[in-house]
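*Asks:* Sequence first, predicted coordinates after that:
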Amino acid sequence: MAEQSLFSERYANRRGLLQSLDIRFQLVTFLFILVLISFLHTPRSLWLVYGASLALAVLSRVPLWFFVKRVWLFVPLFSAAVVLPAMLNIITPGEPVVVLLKLSRSYSWGPYTVPAELAVTRQGIWGASLLVSRVASSVSFAVLFTLTHRWSEIFGGLRALFVPRVFVMTLGMTERYIFVFLRLIQDMYRARKSRTINAFSPGVERSWIASRIGVTFKKSVEMSDDVYKAMISRGFHGEFRAVSRFRSGPFDYLWLVTVLAAGGILIMSERGMLR
């Protein structure tokens with residue numbers, strides 16, 4: 001299930017909008033969109049960008065509910081630890097909206113002060129909504145990009161855009177051999193489970209997990225050496241050759257111009273609203 005969830009390429013093989021574009025143009029435009037998101041300062045603009053990601057998912061033949069679930073699985077993990085404390089007047093002073101706790105007096109520890117009333121502030125809610133909107137928009141485009149392209153295409157596109165070879169090779173080797181270690185961990189767990197009758201104590205369980213971490217690390221070191229020797233023996237000279245050949249057409253240039261123009265209009269319109 002983990003392998004299918006993280007590394008499925010079935011949507012990349014479908015005939016949709018994003019799948020038909022040149023990967024080099026998509027890398028440039030998606031990077032532009034992520035930078036654009038960091039420059040937007042209103043939830044309205046950020047949710048507009050998020051809506052665009054939903055439209056692109058539909059046009060790329062990615063099931064909308066599946067896409068939404070993938071995005072909102074990561075958003076709470078990224079933002080909850082920051083959003084929840086930031087809504088309180090301890091972190092973000094401002095106009096109280098909901099009073100959560102009343103103390104007899106305020107307390108101070110050095111530069112930190114706990115007010116007599118612990119409350120959620122209007123300014124904290126605004127900052128939290130802005131952060132959640134930004135994370136949702138960024139994660140949605142990152143997930144959409146990985147769903148609609150094979151990893152081999154992404155690595156080839158990175159090299160075509162002159163990303164350092166060592167960086168691309170590290171990503172490529174990680175993507176290839178993480179399957180092997182997933183299978184290794186599954187086999188170790190199944191082997192132990194098939195030989196276990198009674199439950200062990202928590203201490204024994206922790207000791208077994210720690211030992212398996214050590215075994216996995218040892219095997220990864222041994223495998224890296226074996227893989228390197230195998231690559232050298234087969235004539236590897238430090239460069240992966242891309243199998244696919246990139247071809248750009250008028251639609252790719254139209255996509256690039258449309259994304260850049262839409263981003264510029266969005267920034268200019270937001271600055272007009274903020275004045």
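*Replies:* Cool, the structure landed. Numbers count the residues shown, from 1 in each chain.

*Asks:* The strand or helix carrying residue 131 packs against which elements?
*Replies:* Secondary structure from DSSP states H and E places residue 131 in helix 122-147. Under the contact criterion of 3 or more C-beta pairs under 8 Å, 6 or more residues apart in numbering; DSSP states H and E, helix 122-147 touches helix 23-39, helix 43-59, helix 64-86, strand 96-102. The way it works is simple: take the backbone N, C-alpha and C, and place the C-beta from them, glycine included.

*Asks:* now the angle from that helix to helix 64-86?
*Replies:* Angle of helix 122-147 versus helix 64-86, following axes from the mean of the first three to the mean of the last three C-alpha atoms, to 10 degrees, is 150 degrees.

*Asks:* and helix 122-147, how far from the chain's centre?
*Replies:* Centroid separation for helix 122-147 versus its chain: 11 Å, with C-alpha atoms, centre = their mean, to the nearest Å.

*Asks:* Quick check: next helix or strand after that helix?
*Replies:* helix 151-160.

*Asks:* Could I get the CA-only coordinates of that following helix as CSV?
*Replies:* C-alpha atoms of helix 151-160 as CSV (Å, rounded to 0.1, in the frame of the first residue of the first chain):
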residue,chain,number,x,y,z
TRP,A,151,10.1,10.1,-12.1
SER,A,152,12.4,9.3,-14.9
GLU,A,153,10.9,12.2,-16.9
ILE,A,154,11.3,14.5,-13.9
PHE,A,155,15.0,13.6,-13.5
GLY,A,156,15.6,14.0,-17.2
GLY,A,157,14.0,17.4,-17.2
LEU,A,158,16.1,18.5,-14.2
ARG,A,159,19.3,17.6,-16.1
ALA,A,160,18.0,19.4,-19.2
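
*Asks:* What are the buried residues along that helix?
*Replies:* For helix 151-160, burial by neighbour count (16 or more other C-beta atoms under 10 Å) applies to 151-159.

*Asks:* And the average pLDDT for that helix is what?
*Replies:* Averaging pLDDT along helix 151-160 gives 81.

*Asks:* Counting by contacts, list what the lengthiest helix in the chain packs against.
*Replies:* Ranked by residue count under DSSP state H, the longest helix found in the chain is helix 202-233. Applying 3+ C-beta pairs under 8 Å, 6+ apart, one finds that helix 202-233 contacts helix 165-194.

*Asks:* what packs against the helix it packs on?
*Replies:* Helices and strands touching helix 165-194, by 3+ C-beta pairs under 8 Å, 6+ apart, are helix 2-7, helix 151-160, helix 202-233.
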